[in-house]
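Chemist: Compute the structure for the input listed below.
(chains A, B and C)
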Amino acid sequence: MLRVISRRLVQLVVTLLALMTLVFFWLRSLPGGPVDALLGERATPQTRELLTRALGYDQPIWVQYGRFLKNVVTGNFGNSIRTGEPVTEVISRAFPATVELAVAAIIIAIGLGVPLGYLAARHRGRLLDNATIIVTLVGISIPIFFLGYLLKDWLTQGLHLFPPSGRISTGMDNTDVTGFFVLDGLLTRELDASADALWHLVLPAVTLATIPLAIIIRITRASVLDVLDEDYIRTADAKGLRNPTIRKRHVLRNALLPVVTIIGLQTGALLAGAVLTEKVYNWGGLGTLITDSIGGSRDYPVLQALILLAAAVFVVVNLLVDLSYAVIDPRVRVR
Amino acid sequence: MTRALSDHKRRRIDELIARTSEPGGVSLLRDAGRRLLRNPTAIVGGTIILLFLVIAIFAPLVAPHDPIQRFPELTQKLTVDSIPGATAGHPLGSDPLGRDFASRMIFGARQTLFVGVLATLIGLLIGVLLGALAGAIGGWVDNLLMRLTDVMLALPSLLLAITLVALASRSTQWTVIIAVAIVNVPIFARLLRGSMLAQRESDHVLAARALGVKRRDIVLRHMLPNSLTAVIVQATLTFAVAILDAAALSFLGLGDPDINRAEWGLMLGVDGVRYFEVRPELAYFPALAIILVALGFTLLGESIREALDPKNRR
Amino acid sequence: MPLLDVRDLSVTFERRGTRPVRAVDGVSFTVEPGQTVGLVGESGCGKSVTSLAIMGLLPRRGNKVTGEVRFEDTDLLTLRPKDLRDWRGRDIGMIFQDPLSSLNPVIPLGVQVAEVLERHQGRTRQAALREARELLDAVGIPDPARRLKEFPHQLSGGMRQRALIAIALACKPRLLIADEPTTALDVTIQAQILTLLKELVDDSGTALVMITHDLGVVAGLCDTVNVLYAGKVVERAYRHDLFAEPRHPYTHGLLQSVPRLDVDRGERLHQIRGSVSDNIPWPEGCAFAPRCDRLVDDCIGETVPLEPTFRGGALRCTNPVPKEVAV
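Modeler: Residues are numbered from 1 along each chain as shown, chains lettered A, B, ... in the order given. Sure, this is the predicted structure:
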């Protein structure tokens, strides 16, 4: 088991390094190189040369690459071009907002998706099933940023049920401990801050959850239907077991195996969806950071670090999913 | 002892056998096609796509106006917080630049089809080529190509597209198409490789090899055609994702900068959300069109997959 | 009084967009307490569907079941599905063809045996597991204490089928239905499993319905045999009568197509012409007619009735094999 994990970890690190290498050389291969990209085409030759030297671009490419690798490994990503702050600082400030949003979204997607998918399968071919299928199909066909605007338009402007944007009401006196506002409120017993943050979280989380939710419903439904057709369910019926026992012990556990994989893959969709959702609700997390670093002049140091972070999160989550498989499915357990 | 069987009884037997038994030798493909036509989901999906294609192809005949012409009667009434709705001659009113919105919607079908089809096709071609190479050659080629797909798959698809466009020096319509296409390369490559590997050990390939069929012919005649059904299904589903991704890129300001281009994703992602509070119809119509078309392709793709699944035969 | 009395059992598959198919067509037979009864026929003759219909295990969607399945005084077909669950596993056990797919891959073997005891005999998990160990021991699984914690994929095919037998017999049911229990196993293991089954039913007095296409299994095990063809019983007889004097041309053909050691080398093995796809529908005559060597005019035109022969036997044929021709 340990050997499997360590092999996967090595593979993972190699993949990430390869990704960063590709990004590095891509940037260098742009016409004019990163300096042009940073300064735009109208910069004077003097400033251009100054920056070239300051960033070390006058040195041979392999020296640059070596330094780049050393920086990546030591977590030094330089300073943001837009604000001048260290990239790590910019990112760690935005990180909790996105995690809070993504966690809320995945809770909604799993919490609703698995039961709904299961119910649809049990009522196969009937109204509930057909309605669920149609809703999920629309769910994966709708541009989620449009859904975000729609929800915002209906539920904030029209009905004033939820705040239209941001993570917390302006003027709310909240203490920042972890950066997760809902959690902070609980920790510092500022329950009003916690509730306010939660209230702000609802619409963005629902928007972000839409696609994972639709997909989890569909996979759960298909998987339950597959399991219900299995011979061992017939055996369980032949034993005279009661329906609830069969469902809990025999159907659900087997049916959840493919769902776990899909949840891992959906974390990816969440990261991408966060970029769109955060822009709609002006959320101020990593997604907003990505949008800001690509708008206007491109903030390559920040972008580089964000790409690495997103890839790292995605592959690590999928590694965890594979490992959790070993816990629920004895067939992949390594003896 | 046994009495001879009379002719009319013999005929009766033949008649009865003919009535009960299915026509023999139904091919997998014809069988799948028959099930597809019986499936209402496939019919709905197919109808949507057909309608979409007809509008896209005959856009100049269907549209009342030129999609890039600015009409004085519309521009005059444009203000910061008001965009004219339906008027005589302009059934859907104006867009933010005083152009006929209905015509832009109709021509939008054409551009959307263009972006979706090209992004899908380019991704499919490169992916299938890489996957076939990996599956047919194996060894270090396979290893290298698969590590490459690992790297591409390390980023979630839309993020990869965003990265690709952001890393390009400046955005054009082609940047978007190619970025969305590249995102799909690893998916097609893995799909084809997996299917080829599964077939390499299968009985029909072993039989062909035992008969001394040349390796190139085995790959081209026996393995590729069988893998392609899965690719077709994936391509149908990819089309839906491609136009959604293109819309998302437009929304993030990474889309086609050509202000004359009428493409639904662009119309929704740029003007649609910018003027959402002023005139939400500018978002509703392209969004609805995108949802419908994406739905159509998803429905068709899923029903083809279902029809081809041997588990669902009979 | 018979233990199981199946009367006029019919099963029709009704699937959307296809013609309804009558898979089981008025099957009747009885099983006395402690008796072993064979249901024999080639694949597609309806023998497995019959067993599933008796157990109430056919999905309700798309299957229409009519007739009576009397278990002692109760017609199982009239029970509510929920109540039928009290009978299954307790009074009637069943074992299936493919032991690997019939066991849940993610649940330890011990729990899969124990749960049937917990359900029907109110045992606690611990007591049930203790008993499960004895059961595994009784069906000849070595080192049962260790096997309890293992998963199905860790067992051999023969072990898995033994485990399924242990599950089916855990509550000492009065009837056991075995649906091709040896088909998926190696030949050497087949014999072991059949011997085990025979010992177990003989010792416990459990009646056994043996469903098989293998006449060798029938010869070694069954008291009476029902031969099924296209969803109907075509011949019923005591084992010895059937093997000595098969009367239906189909049974006759089946017996002749078994390879034998006591015939000259080079003699061709008998085969039955055509396949089940050549059948004609029963109401129009004998379904077997197009494949039959003894086809006559009377075989076509109307349903051939099942007529009683001697010693509780029965035969559905207009032109049966004469007794003196028997093998």
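
Chemist: which secondary structure element contains the residue of the stretch 201-335 of chain A found nearest chain C?
Modeler: For the stretch 201-335 of chain A, the nearest residue to chain C under the criterion C-beta to the nearest C-beta is A:G240, separated by 3.4 Å. (Glycine included, C-beta is placed from N, CA and C.) Of the helices and strands defined by DSSP states H and E, none includes A:G240.

Chemist: Show the pLDDT at it.
Modeler: At A:G240 the predicted local distance difference test score is 92.

Chemist: Touching, it and C:R90? I think so.
Modeler: Yes - using C-beta atoms under 8 Å, A:G240 and C:R90 qualify as a contacting pair, with a distance of 6.0 Å.

Chemist: The stretch 51-200 of chain A: helices as residue ranges?
Modeler: With DSSP state H, counting those that start in this stretch applied, the stretch 51-200 of chain A shows helices at A:61-74, A:87-122, A:127-141, A:144-152, A:181-187, A:191-228, listed in chain order.

Chemist: just the stretch 201-327 of chain C next, same as before
Modeler: For the stretch 201-327 of chain C, the helices defined by DSSP H, counting those that start in this stretch cover C:215-221, C:239-244, C:249-256.

Chemist: Show me the shaky parts of the stretch 151-300 of chain B.
Modeler: Applying pLDDT under 70 to the stretch 151-300 of chain B flags residues B:169.

Chemist: which residue does it bring closest to chain C?
Modeler: In the stretch 151-300 of chain B, the residue found nearest to chain C is B:L299; the distance is 18.8 Å by C-beta to the nearest C-beta.

Chemist: right, and the helices of the stretch 51-200 of chain A - which one's nearest A:T170?
Modeler: If you check each of the helices of the stretch 51-200 of chain A against A:T170 by C-beta to C-beta, helix A:191-228 wins as the nearest, at 10.5 Å.

Chemist: Establish whether the following helix or strand past that closest one and chain B are in contact.
Modeler: Counting by DSSP H and E, the element after helix A:191-228 in chain order, helix or strand, is helix A:231-238. No - with C-beta under 8 Å from any C-beta of the partner chain as the criterion, chain B is not reached by helix A:231-238; the gap is at least 14.5 Å.

Chemist: Chain A - how does it break down into domains?
Modeler: Domains of chain A are assigned by automatic domain parsing as A:20-73, A:91-334.

Chemist: count of neighbours near the residue in the stretch 1-150 of chain B that chain A sits nearest to?
Modeler: Taking C-beta to the nearest C-beta as the measure, the point where the stretch 1-150 of chain B comes nearest chain A is B:D150, at 5.1 Å. Taking other C-beta atoms under 10 Å in any protein chain shown as the neighbour definition, B:D150 ends up with a count of 18.

Chemist: And the closest residue to it other than its chain neighbours, what's its pLDDT?
Modeler: Distances taken as C-beta to C-beta, 6 or more residues apart in numbering or on different chains place A:T15 nearest to B:D150, at 5.1 Å, with adjacent residues excluded. Looking at A:T15, its pLDDT stands at 89.

Chemist: cool, the one 3 residues further on as well?
Modeler: Confidence at A:A18, expressed as pLDDT, is 89.

Chemist: I'd assumed B:M152 was in contact with it.
Modeler: No - in this structure, A:A18 is not within contact of B:M152 by C-beta under 8 Å, at 9.9 Å.

Chemist: Compare those two (neighbour count), which wins?
Modeler: Using other C-beta under 10 Å, the more surrounded residue of A:A18 and B:M152 is B:M152, with 21 against 16.

Chemist: Backbone dihedrals for the more buried one, please?
Modeler: As for B:M152, its main-chain torsions (degrees, to the nearest 10) stand at phi -70, psi -30.

Chemist: Can you name the residues that contact it?
Modeler: If you count contacts by C-beta atoms under 8 Å, 6 or more residues apart in numbering or on different chains, B:M152 has them with B:160, B:182-183, B:185-186.

Chemist: Repeat the analysis, applying 6 Å as the threshold.
Modeler: Under the criterion of C-beta atoms under 6 Å, 6 or more residues apart in numbering or on different chains, the contact list for B:M152 reads B:P186.

Chemist: Give me the helix or strand of the chain that scores worst on average pLDDT.
Modeler: In the absence of a named chain, this looks at chain A. Comparing helices and strands within chain A by mean pLDDT, DSSP states H and E singles out helix A:33-39 as the least confident, with a mean of 64.

Chemist: looking at chain C here, not the other one
Modeler: Lowest mean among helices/strands of chain C [mean pLDDT, DSSP H and E]: helix C:215-221, a mean of 85.

Chemist: What residues sit buried inside that one?
Modeler: For helix C:215-221, a neighbour-count test (16 or more other C-beta atoms under 10 Å in any protein chain shown) marks C:215, C:217-219, C:221 as buried.

Chemist: The domains of chain A: lowest mean pLDDT?
Modeler: Taking the mean pLDDT of each of these, the lowest value is held by domain A:20-73, a mean of 76.

Chemist: quick revisit: for the strand or helix carrying the residue of the stretch 1-150 of chain B closest to chain A, list every residue counted as buried.
Modeler: B:D150 is located in helix B:139-153, with elements delineated by DSSP H and E. Counting neighbours by 16+ other C-beta under 10 Å, one finds that the buried residues in helix B:139-153 are B:142, B:145-146, B:148-153.

Chemist: Could you give the number of residues near the closest residue in space to A:N318 that isn't next to it in sequence?
Modeler: With C-beta to C-beta, 6+ apart as the criterion, A:N318 has its nearest non-adjacent residue at 4.6 Å, and that residue is A:G264. By the measure other C-beta under 10 Å, the count of residues near A:G264 is 19.

Chemist: show me the contacts for the residue of chain C found nearest chain B.
Modeler: When distances are taken as C-beta to the nearest C-beta, chain C reaches nearest to chain B at C:I280, 4.0 Å away. Applying C-beta under 6 Å, 6+ apart to C:I280 gives the contacts B:16, C:287.

Chemist: repeat for C:A170
Modeler: In this structure, C:A170 makes contact with C:116-117, C:135, judged by C-beta under 6 Å, 6+ apart.

Chemist: hang on, the earlier thing: neighbour count winner among A:G240 and C:R90?
Modeler: Taking neighbours as other C-beta under 10 Å, A:G240 and C:R90 compare with A:G240 leading, 22 against 19.

Chemist: Got the phi and psi for the more buried one?
Modeler: With angles defined as degrees, to the nearest 10, A:G240 shows backbone torsions of phi 80, psi 20.

Chemist: Correct me if wrong: it contacts C:I92.
Modeler: No - under the criterion of C-beta atoms under 6 Å, A:G240 is not in contact with C:I92, lying 8.7 Å apart.

Chemist: For the buried residues of helix C:215-221, please prepare a markdown table with the additional fields distance to chain B.
Modeler: Written out in a markdown table, the entries for those read as follows (distance: C-beta to the nearest C-beta, whole Å):
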| residue | distance to chain B |
| --- | --- |
| C:L215 | 26 |
| C:V217 | 29 |
| C:V218 | 28 |
| C:A219 | 29 |
| C:L221 | 34 |
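
Chemist: Please render these as JSON lines that adds distance to B:A42 to the earlier fields.
Modeler: What follows is the buried residues of helix C:215-221, written out as JSON lines (distance: C-beta to C-beta, whole Å):
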{"residue": "C:L215", "distance to B:A42": "47"}
{"residue": "C:V217", "distance to B:A42": "46"}
{"residue": "C:V218", "distance to B:A42": "48"}
{"residue": "C:A219", "distance to B:A42": "52"}
{"residue": "C:L221", "distance to B:A42": "50"}
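
Chemist: Nearest to C:I107, out of those residues: which one, please.
Modeler: The shortest distance between C:I107 and any of these, using C-beta to C-beta, involves C:V217 and amounts to 30.1 Å.
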